[in-house]
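Asks: Next input, structure requested:
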Amino acid sequence: MKFINRDHELKALADLWRAGTSQLVVVYGKRRVGKTELIKRFIHGKPSIYFLARRIRDEENLFYLGHAIGEFFGDTILKTRGFARWDQVFSFLKERAGKGGAGRTPRNRDAGRLVLVIDEFPYLAEANRGISSIFQAGWDEHLKNTPIFLMLCGSSIGMMEQEALAYKAPLYGRRTGQLFVKPLSFSEAREFFPRFRFEEALRAYSIAGGTPAYLMRLAGYPSLEKAVEEEILSPERFLYEEVEFILMEELREPRNYFSILRAIGSHCTKVSEIVNATGLEKSALHTYLFVLEDLHIVEKQVPVTEKHPQRSRKGRYYLKDQFFTFWFNYCFPFMGELELRNKVPSMKAFRNSFEGIVAKNYETAAQEILRECQEELFVFHRIGRWWDKNEEIDIVALNETTNEILLGEVKWSKKQVGTDVFESLKRKSQKVEWGKRSRKEYYCLFSRSGFTPEMRRVAKKEGVFLFKLDRLSR
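Replies: Numbers count the residues shown, from 1 in each chain. Predicted coordinates:
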């Protein structure tokens with residue numbers, strides 16, 4: 001897998017390593033987001049044991065962990081027999097910590113240190129419901145004063161929070177660091193497609209989102225349309241069932257969640273719209289939505305000017321992962337035909353409506369582009385969207401200290417943007433109740449196809465920032 005970015009995450013882990021003390025670090029994030037590659041990059045060149053837990057009996061995982069530890073320390077008996085109990089793991093590590101592994105010499109400045117990675121920790125929890133309490137006792141009684149860097153990693157966000165991060169979790173208060181590995185941003189995801197123009201890179205992102213494994217699957221095809229046909233709409237490929245697999249991993253009864261996600265993916269963003277689309281009671285729906293938010297599958301957005309976002313009644317719900325949006329629009333509704341190898345209905349829907357999804361993601365990309373241009377504008381405290389009743393503005397950025405506001409529209413049209421769009425934006429800006437009367441206003445326009453000569457003339461006169469695709473016009 002191509003390794004892109006993750007500089008921040010690697011630096012965070014490196015800082016913990018340089019501290020030289022015992023560490024218990026929790027690393028979590030959705031499947032295929034690149035956690036394992038990140039960990040392998042971090043442990044490269046360090047004394048380390050990497051153990052991938054499996055969905056097998058607790059006794060079998062103990063055996064394979066013993067084999068990995070025995071191999072590192074050159075202990076033939078342990079490699080052959082493994083461990084019989086978990087307390088043996090911790091007492092062995094305490095005894096051997098600081099003595100290095102097989103073949104290591106005192107000249108190595110890290111010879112007395114050890115990184116122990118337990119990947120897919122939730123699988124251990126499935127086989128042994130008391131595993132978190134066992135690790136808590138093992139840490140407290142054996143490892144917390146040793147030079148061990150223990151990493152617990154998992155793809156089930158719900159399980160990792162339940163077992164290691166939540167206030168009532170046995171390991172809460174023991175961890176010395178946690179790292180939530182997020183999907184890549186659009187600008188980072190673009191690096192998978194160095195030969196793509198902006199438009200094609202945005203289309204690829206609108207299919208795969210920021211998940212490296214998905215982006216890699218698309219990158220090997222001569223066209224995105226061919227990649228969709230072969231990698232997502234083919235029942236024998238992993239992306240075909242990926243969303244179902246993730247939901248089955250995280251949720252015990254996924255049926256109602258599927259209904260909610262399909263409704264949101266079909267542009268039902270208000271609670272009332274989701275209730276009408278699913279038939280669920282409003283009170284039950286809120287419970288489901290809270291769970292989906294905690295799992296980072298759904299996000300609630302409110303107008304960026306709201307003073308108390310958590311209490312706002314203007315919330316709208318969106319799928320947080322672009323691949324979920326794509327899958328619920330072009331895969332899930334046509335699965336009956338796709339099982340029969342009939343891709344025609346799905347591809348027809350894709351060709352007819354996909355540009356609308358790309359247009360929405362252009363707004364996301366525009367926010368990223370503006371963040372990179374803050375030195376030419378002003379420092380943003382918040383950036384997002386604004387709406388009220390029947391009015392919407394694609395981008396609003398705020399600085400409460402300096403009383404500055406930036407308002408912008410984003411157009412994914414084949415037509416050049418004219419002054420009518422700018423005049424409409426100025427009209428709507430007067431309805432945005434934020435800041436003092438003396439607030440300083442800036443305007444920006446993003447356009448896929450550029451701007452009319454008249455709009456460029458007005459922009460020069462009034463100081464409007466114009467972006468054609470991702471480039472600021474000078």
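
Asks: going forward, measure contacts between C-alpha atoms and count neighbours the same way
Replies: Will do.

Asks: need the contact list for the spatially most distant residue from the centre of the chain.
Replies: Among the C-alpha atoms of the chain, the one most distant from their mean position (C-alpha atoms, centre = their mean) is that of Ile77, at 42.4 Å. Going by C-alpha atoms under 8 Å, 6 or more residues apart in numbering, Ile77 touches Gly70.

Asks: let's go with 10 Å and repeat that
Replies: Going by C-alpha atoms under 10 Å, 6 or more residues apart in numbering, Ile77 touches 66-67, 70-71.

Asks: Counting only helices, which of the residues you listed make the cut?
Replies: Using DSSP state H, 66-67, 70-71 are the members of the contacts of Ile77 that sit in helices.

Asks: if we can go back for a sec, can you identify the element that follows the helix or strand encompassing the residue farthest from the centre of the chain toward the C-terminus?
Replies: Element membership of Ile77 [criterion: DSSP states H and E] is helix 76-81. Per DSSP H and E, the first helix or strand lying C-terminal to helix 76-81 is helix 86-96.

Asks: quick revisit: neighbour-wise, which of the contacts of Ile77 leads?
Replies: In terms of neighbour count, Gly66 stands highest of these at 25 neighbours, by other C-alpha atoms under 10 Å.

Asks: show me what contacts that one?
Replies: Per C-alpha under 10 Å, 6+ apart, neighbours of Gly66: 51, 60, 72, 75, 77-84, 88-89, 92.

Asks: can you rerun that using 6 Å?
Replies: By C-alpha atoms under 6 Å, 6 or more residues apart in numbering, Gly66 lies in contact with 78, 82-83.

Asks: In ChimeraX, how would I select just the buried ones from those residues?
Replies: Restricted to buried positions by 16 or more other C-alpha atoms under 10 Å, the ChimeraX selection for the contacts of Gly66 reads:
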select :78,82,83
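
Asks: which one among the contacts of Gly66 gets closest to Tyr240?
Replies: Within those, proximity to Tyr240 (C-alpha to C-alpha) peaks at Gly82, which comes in at 38.3 Å.

Asks: So the closest one sits against Asn61, correct?
Replies: No: here Gly82 lies out of contact with Asn61, judged by C-alpha atoms under 6 Å, at a distance of 9.3 Å.

Asks: Helices along the stretch 101-250 of the chain, start to end?
Replies: With helices called from DSSP state H, counting those that start in this stretch, the stretch 101-250 of the chain shows them at 121-127, 131-138, 157-160, 186-189, 198-208, 212-219, 224-227, 242-250.

Asks: hang on, the earlier thing: greatest separation within the ones in helices among the contacts of Ile77: which pair is it?
Replies: Gly66 and Glu71 (8.4 Å).

Asks: okay, now Arg252: neighbour count?
Replies: By other C-alpha under 10 Å, neighbour count at Arg252 equals 8.

Asks: Would you mind giving the secondary structure of it?
Replies: Using DSSP: H, G, I helix; E, B strand; the rest coil, the secondary structure recorded for Arg252 is coil.

Asks: Now do it, the pLDDT please.
Replies: As predicted, Arg252 sits at a pLDDT of 81.

Asks: Could you measure from it over to Ala127?
Replies: Using C-alpha to C-alpha, to the nearest Å, we find Arg252 at a distance of 16 Å from Ala127.

Asks: and the chain, what are its domains?
Replies: Here the domain parsing of the chain from automatic domain parsing is 7-180, 194-363, 373-472.

Asks: I'd like to know how many residues surround the closest residue to Arg439 other than its chain neighbours.
Replies: Distances taken as C-alpha to C-alpha, 6 or more residues apart in numbering put Asn403 closest to Arg439, at 5.1 Å, once the chain neighbours are dropped. Using other C-alpha under 10 Å, Asn403 has 15 neighbouring residues.

Asks: that older thread, quick one: which of the domains of the chain is nearest Phe186?
Replies: Here domain 194-363 is closest among these (C-alpha to C-alpha), at 6.6 Å.

Asks: Could you work out the end-to-end span of the closest one for me?
Replies: Start and end residues of domain 194-363 are separated by 21 Å (C-alpha to C-alpha).

Asks: From what I see, Tyr240 and Glu229 are in contact.
Replies: No: shown here, Tyr240 and Glu229 do not form a contact pair, counting by C-alpha under 6 Å, at 10.3 Å.

Asks: quick one: which of those two has more around it?
Replies: Tyr240 (21 against 14).

Asks: now the angle from the top helix by length along the chain to helix 198-208?
Replies: As assigned by DSSP H, the longest helix anywhere in the chain is helix 344-372. If you take axes from the mean of the first three to the mean of the last three C-alpha atoms, to 10 degrees, helix 344-372 sits at 110 degrees to helix 198-208.

Asks: just checking, next helix/strand downstream of helix 344-372?
Replies: Next helix or strand after helix 344-372 toward the C-terminus (DSSP H and E): strand 382-388.

Asks: what's that next one packed up against?
Replies: Packing partners of strand 382-388 (3 or more C-alpha pairs under 6 Å, 6 or more residues apart in numbering; DSSP states H and E): strand 391-399.

Asks: I'd like the average pLDDT over the strand it packs on.
Replies: 97.

Asks: what's downstream of that strand, the next helix or strand?
Replies: Next along from strand 391-399, by DSSP H and E: strand 404-411.

Asks: what residues does the next helix or strand after that following strand touch?
Replies: Downstream of strand 404-411, the first helix or strand assigned by DSSP H and E is helix 419-429. The contact list for helix 419-429 (C-alpha under 6 Å, 6+ apart) reads Met455.

Asks: relative to strand 391-399, how tilted is helix 419-429?
Replies: 70 degrees.

Asks: For helix 419-429, buried residues please.
Replies: 419, 421-422, 425, 428-429.

Asks: if we can go back for a sec, could you dump the domains of the chain into JSON lines with distance to Ser187 added?
Replies: Shown next, in JSON lines, are these (distance: least, C-alpha to C-alpha, whole Å):
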{"stretch": "domain 7-180", "distance to Ser187": "14"}
{"stretch": "domain 194-363", "distance to Ser187": "9"}
{"stretch": "domain 373-472", "distance to Ser187": "10"}
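
Asks: Indicate which one of those is closest to Glu188.
Replies: Judged by C-alpha to C-alpha, the one of these that comes nearest to Glu188 is domain 194-363, at 8.0 Å.

Asks: Please compute how far that closest one lies from its chain's middle.
Replies: In terms of C-alpha atoms, centre = their mean, to the nearest Å, the centre of domain 194-363 is set 13 Å apart from its chain centre.

Asks: what's around Leu143, how many residues?
Replies: Considering only other C-alpha under 10 Å, Leu143 is surrounded by 24 other residues.

Asks: Just give the number of residues close to Thr452.
Replies: Neighbours of Thr452 under the rule other C-alpha under 10 Å: 14.

Asks: Kindly report the same for the one 3 residues further on.
Replies: As a burial measure, Met455 scores 20 neighbours (other C-alpha under 10 Å).

Asks: cool, Leu472 as well?
Replies: Neighbours of Leu472 (other C-alpha under 10 Å): 15.

Asks: again, but for Glu200
Replies: Neighbours of Glu200 under the rule other C-alpha under 10 Å: 16.

Asks: ok, Pro170 - contacts?
Replies: Contacts for Pro170 (C-alpha under 6 Å, 6+ apart) come out as 132-133.

Asks: What of Leu152?
Replies: 26, 118.

Asks: Okay, and the beta partners of it?
Replies: Val26, Ile118 (DSSP bridges).
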